[in-house]
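In: need a 3D model of the sequence below.
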Amino acid sequence: MRSICNRLMVNYLERDFNRNRDRRGPRNFERRPETPKPFKIGDVIDLTIESIGEKGDGVGKVNGFVVFVKDVKEGDNVKVKITNIMRKFAVGEKTDGSAPRDEEPEDDESEDNFESDEEESETEEEELE
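Out: Take a look at the predicted model:
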């Protein structure tokens, strides 16, 4: 008895499903045309970081196409190597040729002071002898 009920229920559901299919119309699973990407994987591009994303990545745009880059600050002009391209955005890595926005010459005074201290101690030792 149970198997007959199950069979009747399945037949009823299949008939109901097929009847509603005609009302829904044909199913078209056509994709939208892909937007052309301004670069390819491995390309190195110049990019200005416009903002910082939710996860701390820098966000820049090339012809309206979003590029995420790690370890940058807002306003940096960086060279980025594209590592991954998705439908609406790309991910890249900062290359060595990049310069941060607020680049200041490093102070080498601490190293100079260390060397001059050594020279002074050597001259003092010579005077004592």
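In: where in the chain is the helix or strand with the lowest mean pLDDT?
Out: Counting by mean pLDDT, DSSP states H and E, the weakest-scoring helix or strand in the chain turns out to be helix 109-128, with a mean of 54.
In: the longest strand in this structure is where?
Out: When the chain is parsed with DSSP state E, its longest strand is strand 77-85.
In: next secondary structure after that one?
Out: Remark: after strand 77-85, the chain's next helix or strand is strand 89-94, criterion DSSP states H and E.
In: give the pairing partners of that next one; include direction for each.
Out: Here strand 89-94 is paired, per DSSP bridges, with strand 65-69 (parallel), strand 77-85 (antiparallel).
In: and the contacts of it?
Out: Contacts to strand 89-94, defined as CB atoms under 8 Å, 6 or more residues apart in numbering, come from residues 37, 39, 45, 47, 65-72, 78-85. The way it works is simple: take the backbone N, C-alpha and C, and place the C-beta from them, glycine included.
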